[in-house]
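[1] Pasting a predicted model and its sequence here:
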Amino acid sequence: MRRVVITGMGTVNPLGNNVPDTWEGVKAGKCGIAPITHFDTTDFKVKLAGEVKDLDTAAILGAREVKRMDIFTQFACVAAREAMSDAGLDMTAENPDRCGCIVSSGIGGLSTMATEHGKGETKGYKFISPYFIPMTISNMAAGQIAIEYGLKGICESVVTACAGSNNAIGEAFHRIRDGYEDVMVCGGAEGVIMPLAMAGFQSMQALSLSTDVGRASIPFDAERNGFVMGEGAGILVIEELDHALSRKAKIYAEISGYGTNCDAYHITAPNPEGEGGAKCMALAVKDAGLQMTDIDYINAHGTSTGLNDSGETLAIKKAFGDHAYKLMVSSTKSMTGHLLGAAGAVEAIITSLSLKESFVPATINYKVPDPACDLDIVPCQGRHAEIETALSNALGFGGHNASLVLRRYHGA
């Protein structure tokens, strides 16, 4: 099988507007969660979110282009520019038909939809923007990136809620491994810290109502009471190993396995027995040609909701048996909040750097142990550790599960 490596990474998220700042924040155990500034929360019980801060997308992408993009697409395009620059990929030297793009968004352009609907209701529907549809549809982040870089291979958007960007990366990985493309730009983007989305999640009682930034996103803690909404994007450039070596690209990590399945249980709740998640992790490890005992670290989905964290812990125990208690299992959503369809991509970037730099991120702000979440969650303080192989989990509404196996790159 063809080997696949990560050669470029880009992100905007609550910890930073690029990869170096994000990684420094992770190592420092920084919390990117703060009071919401995007809208007036007077009539909302939810007061906190993980907002992207001090990002001038117009200065990066151009004012004209930004007016034609929903915020999720803007985030994706900014992250893609960093990733492509980081990869040093010269598209004039590439066969564009062998380069593709798969970028997920869980919700897409809901902000634009709400704005244009309000305009139609108040001013009349003849005033709806001609860019309304292309700004709203979830595939447009992938489409805009493909247009900018001339990527003429497969171009898709995976919509599997919070599992989306893991599915995007995993499907892109298989496309290269199976010989369809040599280079893929992949990941996810989300931008729904706005009244309609927040009201919807609040009505579901899915969001934390805490006003204390240190006790809001607290995965695996007994006092967890809901997730904290985040926003941003994570984009990776991945390519076939020989292709990367031929152009002397730097390599962050190797993607070696991908598993995906469905709980087929409930529209929002994970199966409390953890069956689907356990099987998904086992599928990813098998796809990598490894044993379960080869895994050293898991970047957990770890949303800070009651059902997810206990269910994921149980799934890890079922998948790994006794080895579960030898694993390090942390959730970086304690720092970023939950970026929905962008979460897995940002976490794949963090996991890649964890492997490269031998540093396991903490689950910050952990205080109260939960007997149902009794694994080594790397509480409060990150840890220097030699890790060779890591698993990154993503689970989504609808029962979607997606796991990636990432390995430290040692050479051809």
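    Alright, I've got the coordinates.

[2] Report the contact partners of Ile387.
    By C-beta atoms under 8 Å, 6 or more residues apart in numbering, the contact set of Ile387 is 296-297, 328, 354-355, 358, 360, 408. In short, each C-beta sits where N, CA and C put it, glycine included.

[3] State which helix of the protein is the longest.
    helix 71-87 (DSSP state H).

[4] hang on, the earlier thing: now, the contacts of Ile387 that are in strands?
    297, 328, 360 (DSSP state E).

[5] Stretch 340-358: how far from the chain's middle?
    8 Å (C-alpha atoms, centre = their mean, to the nearest Å).

[6] same question, stretch 241-250
    25 Å.

[7] And for stretch 286-298?
    The answer for stretch 286-298 is 21 Å, by C-alpha atoms, centre = their mean.

[8] Next: stretch 1-16.
    Distance, stretch centre to chain centre, for stretch 1-16: 11 Å (C-alpha atoms, centre = their mean).

[9] Tell me which residues of that stretch come out buried.
    3-16 (16 or more other C-beta atoms under 10 Å).

[10] Can you pick out the most distant pair from those?
    Arg3 and Pro14 (33.0 Å; C-beta to C-beta).

[11] now the helices for the stretch 51-200 of the chain?
    57-61, 63-66, 71-87, 110-123, 132-136, 140-149, 164-177, 195-203 (DSSP state H, counting those that start in this stretch).

[12] To Ala244, which of the ones you listed lies closest?
    So among the helices of the stretch 51-200 of the chain, helix 71-87 is nearest, using C-beta to C-beta, at 8.8 Å.

[13] orientation of the closest one relative to helix 140-149 in degrees?
    Using axes from the mean of the first three to the mean of the last three C-alpha atoms, to 10 degrees, the inter-axis angle of helix 71-87 relative to helix 140-149 is 40 degrees.

[14] tell me the mean pLDDT for helix 71-87?
    Taken as a whole, helix 71-87 has a mean pLDDT of 98.

[15] what's the distance between that helix and the middle of its chain?
    The mean C-alpha position of helix 71-87 is separated from the chain mean by 14 Å, C-alpha atoms, centre = their mean.

[16] for stretch 363-382, same thing?
    Distance, centroid of stretch 363-382 to centroid of chain: 21 Å (C-alpha atoms, centre = their mean).

[17] Identify all contacting residues around it.
    If you take C-beta under 8 Å, 6+ apart as the criterion, stretch 363-382 is touched by 26-27, 29, 31, 214-215, 217-224, 300, 302, 309-310, 313-314, 316-317, 324-325, 327-331, 334-335, 359-362.

[18] swap in stretch 32-43?
    13-15, 25, 44, 46-51, 53, 193-195, 198, 213, 216-217, 228, 230, 335-337.

[19] Please repeat the previous calculation with a cut-off of 6 Å.
    14-15, 47-50, 193, 195, 213, 216-217, 228, 335-337 (C-beta atoms under 6 Å, 6 or more residues apart in numbering).

[20] circling back to that earlier point, I'd like the buried residues of stretch 1-16 laid out as a markdown table, including secondary structure, distance to Gln74 and pLDDT.
    A markdown table is the format used below for the buried residues of stretch 1-16 (DSSP: H, G, I helix; E, B strand; the rest coil; distance: C-beta to C-beta, whole Å; pLDDT from 0 to 100):
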| residue | secondary structure | distance to Gln74 | pLDDT |
| --- | --- | --- | --- |
| Arg3 | coil | 33 | 98 |
| Val4 | strand | 28 | 98 |
| Val5 | strand | 28 | 98 |
| Ile6 | strand | 23 | 98 |
| Thr7 | strand | 24 | 98 |
| Gly8 | strand | 19 | 98 |
| Met9 | strand | 18 | 99 |
| Gly10 | strand | 13 | 98 |
| Thr11 | strand | 13 | 98 |
| Val12 | strand | 9 | 98 |
| Asn13 | strand | 14 | 98 |
| Pro14 | coil | 16 | 98 |
| Leu15 | coil | 18 | 98 |
| Gly16 | strand | 16 | 98 |
